[in-house]
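**Student:** the following comprises the amino acid sequence and a computationally predicted model.
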Amino acid sequence: MSAAPAFADRATEAAVGRSARRLAPGAVRLAPSAAPALVAWYTVAGPEEATGPLGHAFDERVPDYAWGESSFERTERKFLRHATQGVLARAGWTPEEVDLHLGGDLLDEITTHNFVARELGIPFVGMFSACATGGGVLAMGALAVAAGAAERLLCSVSSHYYTAERQYRYPVELGVERLATNQRTATGAAAFLLAPAPPGGGEAIRVTAVTWGRVRDLGVKDPNNMGAAEGPAAADTLLRHFSRPDAVPEDYDLVLTGDLARVGLPLARRLCREGGLDLGERWQDAGVLLYAPDQPVQAGGSGAACCALVLAGHVLTAMARGELGRVLFVATGSLHSKTTYQQGDVLPVVAHAVELEGPAARPRRGGEEA
Amino acid sequence: MGAALRVEHGVDRRRYQEWVRAAEPRPHVAAALLRAFLAGGMICTVGQGVLNLLRASGLSEKEAAAPLAVAMVFLGSAATALGVYDNLAKVAGMGAALPITGFSNAMTAPAMEYKREGYVLGLGSRVFSVAGPVLVYGFATAWLLAMVSWLLSRVGIHWGLAG
Amino acid sequence: MSYLWAFAVGGALCALAEAVVLVTRLTPAHVMVMFVVLGAVAGAFGLYEPLVRLAGAGATVPLPGFGFALVQGAMEDVHRLGWVGAFSGGLRATGAGLKAAVVFALAASLVANPRR
């Protein structure tokens, strides 16, 4: 058992120690008084997602992939537009009141977000961690609110099956056989609002800790097997998270990774067991949960919207109802491009972990002072 | 759970690759081969029907080759435009891709897809994006073999079809 | 009878290509290139023509038949016209199908959109 890492000097501790405490490189614990609340969330789901096992949980269910637009890129923007405007309307916020919008998607130059941000007029920073973007924006947003840099903050992600197919793989109408290891890019968008929690926390769901991901690889070069590629990212972040003095597996009701899917999840579990971590049944994966086994998705779901839809539509609702107390959300992503894998390079992968506490969270057994 | 953020799984790339290979779902080979066989056979039977019609109209085997290719390309293109060819291919795999209708699908799909980026720089430049490799290596191979045949014929060796 | 041979040989070529995809995990594009090249080489060695005589469309409709037509045309022209025939022959023999693919692709793009 090691001592809690000390701040470099007392002045630093005085400046930031009140809102967030850096426990080690990449590990942050937000002070209970500063942990921001997830005040609202909103999901817009595509056809395959809406007819899946979680279909009932989404706020808007879109029955077709074009949704009246003349290109799938424009359709993806429409998904994001509905998600961001929907979440603002739910909280009764106007765009003018929002300090910062953090978001990202899979398309080159993050165009979906840049175009929708131009319509919203909220100060915007685009972030890219591929399918792990949901974890990245929630973590960064929570830190910005905790630090007092933003009072009202919007986070969002989006992806669309056919814009991703077009960019990473083949034209829509091209006849290509799917491989059993392929994952289907989720079509949808999710948006979240963060604000300082009411005094005492109340019934709010709060972001209480973050473990940033390191970019990893274990040599997987096959873009048709992203779950296997992302396994090492999930394992690395989980092993690092649970070696923090303030985190023990028993404190969590759910560890939600996304998107390892049916091929990657057992591989990531095996890597964690090699490192001495067994999370058991509390570890579930968004790529597995989003679709039923009989849907045409091969190994499961992927895409920036996949884990965000499962988090917002399924998990946050359960947390608000008190069915889940403390949840660790670990978004995983593969950071390759068509160019890099065609040149024979490995798929670099990353996973960002965000700890969420709902009103039903039990007191933590892990302590900051180990 | 001791020292902060120092736990590693200790698995190296070589070992993980073995895990990945073992974890990949085994495809149902027999079923996939049967589907490819049936779909490919069916498309070729349609082709044979067209060929028999052309022959019945008085064309020789050789004269019928070009109109047969045009007819099959038309069918592949039409099925792509109607949005059914990719569904056939998802079931039949190479059974849909290998016949010339699949080549036609590989031209028509990008044409439909990339016209949104313009008819010249979108469609025009990317229509061969999938079918191009087949042409490049088909042309190059045929050229090479014909040149070899011609050079051999210069020194009195007769090798190669029609040589 | 011609239908039966077309079905059997065409189906067998496709099943063989599928087996290559499943065993090697190459992309369909790689396997298509491989089969065109194989068709051309088999044609040059006189191995493909008997298959065409036997199976008709079963041998000419799959991509190896395209490779065969390319090499057949190139061989004919190279011995008729000299070295320049190696350049012109393949296209002459396959030009109708190729141009049809371009024309119909263009036509399809005018009347249809990627659906769903």
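**Tutor:** All right, it came through fine.
**Student:** hey, let's count contacts and neighbours off CA atoms from now on
**Tutor:** Will do.
**Student:** going along the chain, name the helices of chain C.
**Tutor:** Using DSSP state H, the helices assigned to chain C run over residues C:2-24, C:28-44, C:48-55, C:57-60, C:63-81, C:84-111.
**Student:** avg pLDDT for the last one?
**Tutor:** To tie it back to what came earlier, the one meant is helix C:84-111. For helix C:84-111, mean pLDDT is 96.
**Student:** just want the angle from it to helix C:63-81.
**Tutor:** Inter-element angle recorded for helix C:84-111 and helix C:63-81: 140 degrees (by axes from the mean of the first three to the mean of the last three Cα atoms, to 10 degrees).
**Student:** all helices of the stretch 51-200 of chain A, in order?
**Tutor:** A:72-91, A:111-120, A:133-146, A:161-168 (DSSP state H, counting those that start in this stretch).
**Student:** make TSV from these and add mean neighbour count to it.
**Tutor:** Below are those laid out as TSV (neighbours: other Cα atoms under 10 Å in any protein chain shown):
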stretch	mean neighbour count
helix A:72-91	22
helix A:111-120	18
helix A:133-146	27
helix A:161-168	19
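**Student:** and the ones you listed as JSON lines, adding mean pLDDT?
**Tutor:** Shown next, in JSON lines, are the helices of the stretch 51-200 of chain A (pLDDT from 0 to 100):
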{"stretch": "helix A:72-91", "mean pLDDT": "98"}
{"stretch": "helix A:111-120", "mean pLDDT": "98"}
{"stretch": "helix A:133-146", "mean pLDDT": "97"}
{"stretch": "helix A:161-168", "mean pLDDT": "94"}
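**Student:** any chance of the ones you listed in a markdown table, with distance to residue C:114 too?
**Tutor:** Below are the helices of the stretch 51-200 of chain A laid out as a markdown table (distance: least, Cα to Cα, whole Å):
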| stretch | distance to residue C:114 |
| --- | --- |
| helix A:72-91 | 10 |
| helix A:111-120 | 20 |
| helix A:133-146 | 28 |
| helix A:161-168 | 10 |
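**Student:** looking at those helices, which is closest to residue A:259?
**Tutor:** Each of the helices of the stretch 51-200 of chain A was scored for nearness to residue A:259 using Cα to Cα, and the closest is helix A:133-146 (11.3 Å).
**Student:** so which of the helices of chain C gets nearest residue A:39?
**Tutor:** Of all these, helix C:84-111 sits nearest to residue A:39, with 46.6 Å by Cα to Cα.
**Student:** tell me the spacing between residue A:242 and residue A:180.
**Tutor:** From residue A:242 across to residue A:180, the span is 32 Å (Cα to Cα, to the nearest Å).
**Student:** now swap in residue B:10 and tell me
**Tutor:** Using Cα to Cα, one obtains 28 Å as the distance from residue B:10 to residue A:180.
**Student:** which one of those two has more residues nearby?
**Tutor:** Neighbours around residue B:10 and residue A:180, counted as other Cα atoms under 10 Å in any protein chain shown, are more numerous at residue A:180. The numbers are 19 against 11.
**Student:** what sits against the more buried one?
**Tutor:** Contact criterion Cα atoms under 8 Å, 6 or more residues apart in numbering or on different chains gives A:298-299, B:24-27 as the residues in contact with residue A:180.
**Student:** read off the pLDDT value for it.
**Tutor:** pLDDT for residue A:180: 88.
**Student:** on that earlier part again, out of the helices of chain C, nearest to residue A:50?
**Tutor:** Each of the helices of chain C has some distance to residue A:50 by Cα to Cα; the shortest is helix C:84-111, at 30.1 Å.
**Student:** check whether that closest one contacts chain A.
**Tutor:** No: using Cα under 8 Å from any Cα of the partner chain, we find that helix C:84-111 stays clear of chain A, coming within 11.3 Å at best.
**Student:** does anything pack onto that helix? Which helices or strands?
**Tutor:** For helix C:84-111, the contact count by 3 or more Cα pairs under 8 Å, 6 or more residues apart in numbering or on different chains; DSSP states H and E identifies helix B:61-81, helix B:100-114, helix B:132-154, helix C:63-81 as packing neighbours.
**Student:** want to try JSON lines for these, with mean neighbour count and distance to chain A as columns?
**Tutor:** Below are those laid out as JSON lines (neighbours: other Cα atoms under 10 Å in any protein chain shown; distance: least, Cα to the nearest Cα, whole Å):
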{"stretch": "helix B:61-81", "mean neighbour count": "22", "distance to chain A": "6"}
{"stretch": "helix B:100-114", "mean neighbour count": "30", "distance to chain A": "5"}
{"stretch": "helix B:132-154", "mean neighbour count": "21", "distance to chain A": "14"}
{"stretch": "helix C:63-81", "mean neighbour count": "27", "distance to chain A": "15"}
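**Student:** okay, the ones you listed in JSON lines with mean pLDDT next?
**Tutor:** Output for those, formatted as JSON lines (pLDDT from 0 to 100):
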{"stretch": "helix B:61-81", "mean pLDDT": "96"}
{"stretch": "helix B:100-114", "mean pLDDT": "96"}
{"stretch": "helix B:132-154", "mean pLDDT": "96"}
{"stretch": "helix C:63-81", "mean pLDDT": "96"}
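**Student:** my read: residue A:356 touches residue A:204, true?
**Tutor:** No: with contact defined as Cα atoms under 8 Å, residue A:356 does not reach residue A:204; the gap is 10.2 Å.
**Student:** what about those two, which has more around it?
**Tutor:** In this comparison of residue A:356 against residue A:204, neighbours counted by other Cα under 10 Å, the higher total goes to residue A:356 at 24 against 19.
**Student:** chain neighbours aside, what residue packs nearest to the more buried one?
**Tutor:** Using Cα to Cα, 6 or more residues apart in numbering or on different chains and skipping residues adjacent in sequence, the residue nearest residue A:356 is residue A:207, 4.6 Å away.
**Student:** do the same with residue B:48
**Tutor:** Closest residue to residue B:48 apart from its sequence neighbours, by Cα to Cα, 6+ apart: residue C:57 at 4.9 Å.
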